[in-house]
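A.B. asks: Sequence plus the predicted model coming up.
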Amino acid sequence: MEFQPRDYKALIEAHALHRTRADDHPLSAPTVSHHQVDTVEDIKEEFFDPLREPNSKVSSLLDNEEDIHLTFTEPTGQECTKREWTSFKRFLMQRFPVPKMVSISAMSNGILRSSKKSEKLSTATHLEELDDEQKISEEGIKFIDRQEYISRLKDFKEKIAKAWQSDDRVTSLKIAIKVAKLLTDTSVGQFYPTLFVLATDIMDMLGDMVWERIKQKAEIAEDGDFLFSLPVNFQANDVCLDAKETCNNWFCKIGSIKELLPRIYLELALLPCWRFLIDQPIDSLQRLVMMTRGLADPLACSYCHLYIAHCAEKLPTFDSAGCLIRCVDDTKHLLMYSLLLKEGIQESSEDRRKFLVSLMEPSIEYIMHHIFDKASQKLVESALSEFGVGNNEPHESVLSVSIIVHNLIKELPADIVRSKAMDITYLIECCNDYTLDQWLNYRLLGFRLSEGECSLNIIPVIDQVIKSVSQKDMADEYLKVVDAYMDLILQKQMDDHLIRILESISKWTYRKEMVEDELTCLQSIMVKILTHFKELKDIIALEHFFEILDMMHGRSQIVVSMHIVDRAIRGGLICDPAIIQLLFKVCQTLIHAVNQVNVRDNDLQQPARLISRFICKVNYGFDIEQHLTFLVECRQVFGTTDELKETLVHSSNSLAIKLLRNKKKGLNFVKSCIAFNEVTIPSITSFMQQLKLYLETAEVAIMGGLVSHSYGLIDSSISCLQSPDLNGRSADDDEILSFLQKLCSFLVMVPGNYVQGATYTPKSLFVLLDSQSWMTLRMKLRIRCAMILLSATLSQMNLPYHACNSRIPGNDVLFYDDPTYLEDYILFAEEVTGKLVDVINQEPSHVVRGRMALEACNCIALSFKMNSKISTICSELLGIAKRGLGSKDRYLKATLDLIGSCSEFPQACE
């Protein structure tokens, strides 16, 4: 066998792309000729494309359109109200999940039991039911399954509809009264909001049916003749006497109901029907609001106010905000009487009161929303005066309730909140009751003030708020309130306030260990500060900032530390030793916190990536020894994470290359970098990363002229190929093959071992790989081809590339005129070539075997001069390919052409 000689310089020139100077820059805008423009303008438009026409033409075309019909229409006010109410009911039921068993009073139990019986209208049956209820009233609280309760209510609804269809209006009304009576039973507790939703659905259904019946009487005469259609905004004078009589009859029936709450609910259900009788139904609404003052139960009264707000929306042209304000005011006085004026309350009773307030809050929120939704400035001012905001009274004399103030702040327009901030602060200060913690109102005020640009002097407000929350000495409340105002403090550049806040937090962190909620708020505060300051030096200048960070722990400490590192690496190189040391401590804190917290591998990737970026950003300038010392310290601290150790190896190699490129004498420092890597790489768990890093370090050693070190690193990488992990296939075949092929390419520039022989390293690698059980047939074929190509390259008189260090000779210089050098590589190539056919014949698939044969044939044809022996091997490989792929395969034809161009005996290859 004899290797083909190659002139690499001539090959490069032959395969180089032919270059000619272009008239125009390839990235410049193309110039369009006049002829092309004319051609485009002559094209007839087949359709109207507004994106291709000038604005004027689009406008003219749209103006000429006559038959444009919009399919989308804006929903009316009534439709929006219905959607909003439906959404609110869904929210109400989701907020208070119903327990499996519901406690009910004896009265409710009697009503629900009566739903099982058939409806009899006789007086005897009615008396039996009354006696039954009176008997049950002595039995006390009962329990019923929630599904049974709901099914009974649905049964009531079906009976009302069925009775109405049968023209039995009295039965429908009686059943509706029973349903309304259920709302007087507040012993159901958490089920009451669901009961309210289901019961008011029945009330609304009855109200709609009564409305339609009266409207029908107003539009159709008794003899069936159609009179006229009532307009949307009709007046009472437009309604005929018969319809008015029917309407008045319904209100008389409702007025005869003895119980107050059912009477109010049913009249509210029929509230729109007052329009058939009077032109100002708002008077009836005000009367009903006054009637609710007779309800002693706060929960029942609150939800009755909620139904008032819902029914008031059905009046199209009347402003009901005054009535709603009175509802809130009545709720306030009721809460003050039932919750604030009682002394000596036990803790269990206090919990019940808080639970009661939580049930009442949705009704207060809904009413507040409708008071200020699209309200005029005059109405807003009037409402604020009613609620005690800006009425020029001493704030000590202002009486209000915390939960009402909370919803007031939530629903007020943002500009009103900003202009009345100080008055609202005084109002909050007056409200310190059990309905809602005072700090929640301070916190909500901070969030509302942060919604827009606050041009007013906000400093007195913040001073008052911080003074108030600081007096209680509660770290959790203080942090949550400060978090709400932190955006304002940073926006207004209130540096003195920021320093005082950090000082207070620092004292709390030293006094006691922070709990989870406190850490979450503290994390939010710290992140807002980090986001505000653009330069890391400004954060370093903040007193107590890093003291607080040291006292944090867990995930909050991880998040804040990651933000600090992220802020540092966003700029350029980090050159200040003091900043480097500070960030190193932050990274140390970060990695320690990550190790303490039980995190998944995915959660660990981001902190490790940030620390890696920090290590890469560090630059000590010409003090490279200090830089290497820094890497050693990093290895001691971050030695548990593979990604960080890989970064340290890359950084060490970069230091060595930096020194070599500057052409400074520092061979000992390069040796130190290599020694650092030789210690670090074995500690990496991934053997594939070890292979790559050993090879990278070997390349650095060659650049520095350290041939013996390069030998050792190559031997270490070859030893990694014996790792037990390979039997478990922790790396894929392509990754291993890529490394081995790169290693063969690197061996071209590595001087051969003059003592052990030039082929010592390739032979050692080949023998090792050939004995490994994890090597697949495809891998064995590719490695053999790589060895043949390596041998053919190293046999050339001039190698294609050399080490950049001129003091390191290539094999073409080191073994010049050495006859044994070429013979050794020919013998090694013959040995490898002889085993190619054996590997290919072991492949069970005919198609794969054919592809492998062609790959081997191409490698041999490119490496050796064609002679009888090579022709025989190629003929055998081509025969295998023809049997597996067929004679028409393109790859086979291309291989035949290649062999034909190289062969001295083409007939042997036919």
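C.D. replies: Looks like it arrived, so ask away.
A.B. asks: quick one: low-confidence ranges for the stretch 51-200 of the chain?
C.D. replies: 51-77, 114-140 (pLDDT under 70).
A.B. asks: change it to 50
C.D. replies: 51, 53-75, 118-138 (pLDDT under 50).
A.B. asks: Also the chain?
C.D. replies: 34-48, 50-51, 53-75, 118-138, 341, 343-345, 347, 394-395, 904-910.
A.B. asks: how about whichever strand or helix holds His627: buried residues?
C.D. replies: Per DSSP states H and E: His627 is located in helix 624-637. Across helix 624-637, burial judged by 16 or more other CB atoms under 10 Å covers 624, 627-628, 630-631, 634-635, 637. (C-beta placed from N, C-alpha, C; glycine too.)
A.B. asks: chain center to stretch 743-751: distance?
C.D. replies: 49 Å (CA atoms, centre = their mean, to the nearest Å).
A.B. asks: All the strands of the chain, residue numbers only.
C.D. replies: 101-104, 142-145 (DSSP state E).
A.B. asks: which secondary structure elements does the helix holding His627 contact?
C.D. replies: Here helix 624-637 touches helix 577-596, helix 642-661, helix 667-680, going by 3 or more CB pairs under 8 Å, 6 or more residues apart in numbering; DSSP states H and E.
A.B. asks: Dump those helices to CSV, plus distance to Val560 and mean neighbour count.
C.D. replies: As requested, the helices and strands packed on helix 624-637 are arranged in CSV below (distance: least, CB to CB, whole Å; neighbours: other CB atoms under 10 Å):
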stretch, distance to Val560, mean neighbour count
helix 577-596, 9, 18
helix 642-661, 20, 20
helix 667-680, 29, 18
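A.B. asks: quick one: which of these is nearest Val465?
C.D. replies: When the helices and strands packed on helix 624-637 are compared by CB to CB, helix 577-596 sits nearest Val465, at 31.6 Å.
A.B. asks: can the helices and strands packed on helix 624-637 go into a markdown table with extra columns for distance to Val618?
C.D. replies: Formatted as a markdown table, these follow (distance: least, CB to CB, whole Å):
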| stretch | distance to Val618 |
| --- | --- |
| helix 577-596 | 6 |
| helix 642-661 | 8 |
| helix 667-680 | 15 |
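A.B. asks: for the ones you listed, which one sits closest to Val239?
C.D. replies: Closest among the helices and strands packed on helix 624-637, using CB to CB: helix 577-596, at 75.5 Å.
A.B. asks: Any chance you could list what contacts stretch 843-860?
C.D. replies: 777-778, 781-782, 784-785, 788-789, 833, 836-837, 839-841, 870, 873-874, 877-878, 880-885, 889, 891-892, 895, 898-899 (CB atoms under 8 Å, 6 or more residues apart in numbering).
A.B. asks: of the strands of the chain, which approaches Ala309 most closely?
C.D. replies: Of those, nearest to Ala309 by CB to CB is strand 101-104, at 26.0 Å.
A.B. asks: about what we covered before: return the most buried member of the strands of the chain.
C.D. replies: strand 101-104 (a mean of 19; mean count of other CB atoms under 10 Å).
A.B. asks: can you dump the C-alpha coordinates of it into CSV?
C.D. replies: What follows is strand 101-104, C-alpha atoms only, in CSV (Å, rounded to 0.1, in the frame of the first residue of the first chain):
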residue,chain,number,x,y,z
MET,A,101,-73.5,19.3,55.1
VAL,A,102,-75.3,22.6,55.7
SER,A,103,-76.8,23.7,59.0
ILE,A,104,-80.2,25.2,58.8
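A.B. asks: show me the contacts for Ala484.
C.D. replies: Ala484 is in contact with 442-447, 450, counting by CB under 8 Å, 6+ apart.
A.B. asks: how much space between it and Thr895?
C.D. replies: Going from Ala484 to Thr895 by CB to CB, to the nearest Å gives 75 Å.
A.B. asks: Please enumerate the helices of the stretch 401-550 of the chain.
C.D. replies: Along the stretch 401-550 of the chain, counting by DSSP state H, counting those that start in this stretch, helices occupy 402-411, 414-419, 421-430, 438-449, 459-470, 475-491, 495-511, 516-532, 536-540, 545-551.
A.B. asks: and the closest residue in space to Arg213 that isn't next to it in sequence, how many neighbours does it have?
C.D. replies: Using CB to CB, 6 or more residues apart in numbering and skipping the chain neighbours, the partner closest in space to Arg213 is Thr246 (7.1 Å). Other residues near Thr246 number 19, with proximity taken as other CB atoms under 10 Å.
A.B. asks: list the contacts for Thr246?
C.D. replies: 213-214, 217.
A.B. asks: Make a PyMOL selection of whichever of those turn out to be buried.
C.D. replies: Selection command for PyMOL covering only the buried members of these, criterion 16+ other CB under 10 Å:
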select buried, resi 213+214+217
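A.B. asks: The contacts of Thr246 into TSV, with extra columns for distance to Gly572?
C.D. replies: Below are these laid out as TSV (distance: CB to CB, whole Å):
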residue	distance to Gly572
Arg213	80
Ile214	80
Lys217	84
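A.B. asks: So Met749 versus Val847, what's the distance?
C.D. replies: 38 Å.
A.B. asks: When the two are compared, which one has more neighbours?
C.D. replies: Taking other CB under 10 Å, Met749 and Val847 do not tie; Met749 has more neighbours (19 against 12).
A.B. asks: wait, isn't the more buried one in contact with Met703?
C.D. replies: No - in this structure Met749 lies outside contact range of Met703 using CB atoms under 8 Å: 10.2 Å.
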